[in-house]
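K.L.:
Prediction below, plus the sequence it came from.
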Amino acid sequence: MTKKLFLLPALLLVASALFVTSCTKDCKVKQDDYVGQFLATENCTSGAASYNITIVRGASDTELKISNFWDLFLNSVDATIDCETITIARQQPDAADQYFVEGSGYYEKNNGVETITISYTVTDETDPNNILTDNCSQTVYTKL
């Protein structure tokens, strides 16, 4: 009798675990939504600026490459997406200059206008004893 009582909860536990792991996130935002030409409008501690960027697909469905990032980097900045969330892991786009970037943000579409709002930090680590930081909060990329 005890074995039967043990088996029923164990089976229910296994069945619920299978159900939970079989669910997938319902993303309304796909990689193609992020791809294109954008007007960047940023407000950084170094000052305000506007310039164009280009976002293209990366190697997988969750990877993007952003060119002309910060209106300065020569190489593209790599980003990852998870539905409407975009993440820029700490990286050094132009290896020779000791500038690093990292940040995160989100994608939105309102009344046909597509934007990515992102906050990021660029650090100049040329002199490890005197690291300079440029904080760019609420930078908006508007799809052209």
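P.N.:
Good, I have the coordinates.
K.L.:
okay, CA-based contacts and neighbour counts for the rest of this
P.N.:
Fine.
K.L.:
S67 - nearest residue in space that isn't next to it in sequence?
P.N.:
With Cα to Cα, 6 or more residues apart in numbering as the criterion, S67 has its nearest non-adjacent residue at 4.3 Å, and that residue is S76.
K.L.:
Neighbours of the one you found, how many?
P.N.:
Other residues lying near S76 total 19 when counted by other Cα atoms under 10 Å.
K.L.:
Retrieve the pLDDT associated with it.
P.N.:
S76 is assigned 98 on the pLDDT scale.
K.L.:
quick one: buried residues of stretch 84-97?
P.N.:
With burial defined by 16 or more other Cα atoms under 10 Å, the residues of stretch 84-97 counted as buried are E84, T85, I86, T87, I88, R90, Q91, Q92, P93.
K.L.:
cool, stretch 35-46 as well?
P.N.:
Counting neighbours by 16+ other Cα under 10 Å, stretch 35-46 gives V35, Q37, F38, L39, A40, T41, E42, N43, C44 as buried.
K.L.:
Contacts for that stretch next, please.
P.N.:
The contact list for stretch 35-46 (Cα atoms under 8 Å, 6 or more residues apart in numbering) reads 48-57, 64, 134-144.
K.L.:
For this structure, just list every one of the strands.
P.N.:
Secondary structure of the chain by DSSP state E: the strands cover 36-44, 47-57, 63-67, 77-82, 85-91, 99-110, 113-124, 132-143.
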